[in-house]
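[1] I need the structure of the sequence given here:
(chains A and B)
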There are 2 protein chains.
Amino acid sequence: MMRDFTNDHSALALNTASLGHNLDGAGAGWSTERVIDACAERGFGGIVFWRREIGARAVQIGERARAAGLQVVGLCRTPFLVGPMAPRGHAAVMDDFQAAIDMAAALQAGVLTIVVGGVDPGSKGVRDSLQRVTERVAEAAPYAAARGVKLALEPLNPVYGGNRSCLTTTRDALDICDAIAAPNLGVAIDAYHVWWDTDLPRQLARAGQRIFGYHLCDWLVDTQDVLLDRGMMGDGVADLRGLRQAVEGAGYTGACEVEIFSAAHWWQRDPAEVLDVMVERFRSLC
Amino acid sequence: MMRDFTNDHSALALNTASLGHNLDGAGAGWSTERVIDACAERGFGGIVFWRREIGARAVQIGERARAAGLQVVGLCRTPFLVGPMAPRGHAAVMDDFQAAIDMAAALQAGVLTIVVGGVDPGSKGVRDSLQRVTERVAEAAPYAAARGVKLALEPLNPVYGGNRSCLTTTRDALDICDAIAAPNLGVAIDAYHVWWDTDLPRQLARAGQRIFGYHLCDWLVDTQDVLLDRGMMGDGVADLRGLRQAVEGAGYTGACEVEIFSAAHWWQRDPAEVLDVMVERFRSLC
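    Numbers count the residues shown, from 1 in each chain, chains lettered A, B, ... in the order given. Here you go, the predicted model:
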């Protein structure tokens, strides 16, 4: 009972990182407005922004996207909550967490993504850091709920376990959701991060309505850079059809968000061409 | 009830990859005999070789190691059984698998490590490839048993899922062990590959006597190269004490094998110094 995208890509959303918008100086440098228009012209249904491109214009950009016919599916992202790349100290983390929630609310973004950060300096293994993540998300969840913002914990590929995400599996993400039990807290499932996990179908069934996001790209067999060499759908070895079947089998009916960090390949190409390829691959392979 | 290594490192084994012996041209280029003597002088209890350094001298090197007082704990490794880096075709894979078993038997090595290889070309996801791995290991297991060789399936960090190991979790490795049910088939647990896995304690308890190897190194927070930038114990974020507690809690009483691929750091140093650091870290931190 999977949705049929062959002739309908209204579920397709662009994560602007696919055009390099997550990093200063990356990509072709199109304005946010130009990206919105290019997506709308091609029949995308939604868009996901990064905080760095929004600045103080959250209300304006949100309205601009909706006027063009695009849903603002999400916002990337909270600060790292723990680990070596997190802001220093609890107050600094929570202040920036709230700023991210405020921006998501102003954008009227469907979901704010949480990337939790790595292992806290001085500790060993992931357990203590995951406990601190749980405490901080529990503290932020009511603030987000009061502003109509849903929070999605995104497990990252274990290769990032040390520096970017001590949260590496959907199982661990759902354990945190269970512990906090906030209605506005769920998970984001990204093909790049979970494609290898044979436990995933069971975890997605467990997740049910708590799947708040589904991210597409591909895992290249010979990944050159674990951060910035993601593949376009179809160019790698992820079983994207099987993955979507499991995600939709759990009840997910939301957007499919294409998020491809690709400094050496896709960010070097004309964004118009990248978007065209995305639509074609989405319809035929995802 | 963990073993106390503070004043006793007889359980310590050197995997010669820690001196670059897994790759042509890497490391200081000490002869195998010199490495054996250096380990014996420092009170190591065992050693693990790579096929490339053994060549046709398996019987001789095995006897040399034992004469020096070292157990030959293991041999690295089988060919990749599936995936883009495997020998082409079933017969070629199985021939080299048998050659690896023959060498392990000639060395009187305790265990032959299996690194299974990545996703088979033309397929998507890991399931089909894991099924083929299961078939090939099932076929080789009796051949190994007849020669007194134990086989250890080693799950690798998911970052290698595409090219080197579609087997990424201890859970999947034990599922294959369950399916084959050969008494000489078990798993190897390597800190680098499993340190992030919160499901590990449960899986190790399930493994019980099927833990055939325990490998030490560390996961560096800012790993520069996922293949050749492993850390010395204590320099990263793996919870090595917790890991050994779980491994020994399952009943493991065997060697602790230090396997550090480190092209830019440890392979550049005097092997004598590397071995001294290893002993100190093993006694104080592992």
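[2] Contacts only, for whichever residue of the stretch 51-200 of chain A sits closest to chain B.
    Closest to chain B within the stretch 51-200 of chain A is A:Gly125: 3.0 Å, counting by C-beta to the nearest C-beta. Just so you know, the C-beta spots here come from the backbone N, C-alpha and C atoms, and that holds for glycine as well. Going by C-beta atoms under 8 Å, 6 or more residues apart in numbering or on different chains, A:Gly125 touches A:119, B:195, B:237-239, B:242.
[3] How many neighbouring residues does the closest residue to A:Arg77 other than its chain neighbours have?
    Nearest residue to A:Arg77, sequence neighbours excluded (C-beta to C-beta, 6 or more residues apart in numbering or on different chains): A:Thr113, at 4.4 Å. Per other C-beta atoms under 10 Å in any protein chain shown, the neighbour tally for A:Thr113 reads 26.
[4] Quickly run through the sheet partners of the host helix or strand of A:Thr113, with directions.
    Taking DSSP states H and E as the criterion, A:Thr113 maps to strand A:111-114. With DSSP bridges as the test, strand A:111-114 is paired with strand A:71-76 (parallel), strand A:150-153 (parallel).
[5] List the contacts of that strand.
    Contacts of strand A:111-114 (C-beta under 8 Å, 6+ apart): A:73-78, A:81, A:100-101, A:104, A:137, A:144, A:149-154, A:186, A:188, A:212-213.
[6] could you redo the last one with a cut-off of 6 Å?
    By C-beta atoms under 6 Å, 6 or more residues apart in numbering or on different chains, the surrounding residues in contact with strand A:111-114 are A:74-78, A:100, A:104, A:149-154, A:188, A:212-213.
[7] which of the residues in it are buried?
    Judged by neighbour count using 16 or more other C-beta atoms under 10 Å in any protein chain shown, the buried positions of strand A:111-114 are A:111-114.
[8] So the closest residue to A:Val35 other than its chain neighbours versus chain B, what's the distance?
    Closest residue to A:Val35 apart from its sequence neighbours, by C-beta to C-beta, 6+ apart: A:Thr16 at 6.0 Å. A:Thr16 is 26 Å from chain B, where distance means C-beta to the nearest C-beta, to the nearest Å.
[9] cool, A:Cys217 as well?
    Remark: distance between A:Cys217 and chain B (C-beta to the nearest C-beta) = 13 Å.
[10] What parts of the stretch 101-250 of chain A come near chain B?
    Neighbours of chain B within the stretch 101-250 of chain A, by C-beta under 6 Å from any C-beta of the partner chain: A:119, A:124-126, A:158-159, A:161-163, A:168, A:172, A:196, A:198, A:219, A:221, A:237, A:239, A:242.
[11] Pull the residues that contact whichever helix or strand comes after the strand holding A:Thr113.
    Reading on from strand A:111-114 to the C-terminus, the next helix or strand found by DSSP H and E is helix A:127-146. With contacts defined as C-beta under 6 Å, 6+ apart, helix A:127-146 is touched by A:81-82, A:97-98, A:101, A:116, A:119-120, A:151, A:166, A:176, A:179-180, A:182, A:184-185.
[12] Give me the buried subset of those residues.
    Buried, going by 16+ other C-beta under 10 Å: A:81-82, A:97-98, A:101, A:116, A:119-120, A:151, A:166, A:176, A:180, A:182, A:184-185, out of the contacts of helix A:127-146.
[13] For the strand holding A:Thr113, list the C-alpha coordinates in CSV.
    Provided in CSV are the C-alpha atoms of strand A:111-114 (Å, rounded to 0.1, in the frame of the first residue of the first chain):
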residue,chain,number,x,y,z
VAL,A,111,9.2,20.0,12.4
LEU,A,112,12.5,21.1,14.0
THR,A,113,15.2,18.5,13.6
ILE,A,114,17.4,17.6,16.6
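[14] Work out the gap between that strand and the centre of the chain.
    7 Å (C-alpha atoms, centre = their mean, to the nearest Å).
[15] ok so, going back, which of the contacts of strand A:111-114 tops the neighbour count?
    A:Ala104 (31 neighbours).
[16] quick one, what contacts it?
    Neighbouring residues of A:Ala104 by C-beta under 6 Å, 6+ apart: A:75, A:112, A:149.
[17] Doesn't it lie inside a helix?
    Yes - looking at A:Ala104 with DSSP: H, G, I helix; E, B strand; the rest coil, it is inside a helix.
[18] Next, the buried residues of stretch A:31-43.
    Within stretch A:31-43, the residues that qualify as buried are A:32, A:35-40, counting by 16+ other C-beta under 10 Å.
[19] Quick check: of the residues you listed, which lies closest to A:Gln203?
    Among these, A:Cys39 lies closest to A:Gln203 (C-beta to C-beta), at 30.9 Å.
[20] So for the closest one, what pLDDT did the model give?
    Looking at A:Cys39, its pLDDT reads 98.
[21] helix, strand or coil for it?
    With three-state DSSP as the basis, A:Cys39 sits in helix.
[22] ok, now A:Ala182?
    Of the three states, A:Ala182 takes coil under three-state DSSP.
[23] Distance check, it against A:Asp102.
    Distance from A:Ala182 to A:Asp102, counting by C-beta to C-beta, to the nearest Å: 18 Å.
[24] if we can go back for a sec, nearest to A:Ile260, of the contacts of strand A:111-114?
    Comparing the contacts of strand A:111-114 against A:Ile260 with C-beta to C-beta places A:Cys76 closest, at 13.2 Å.
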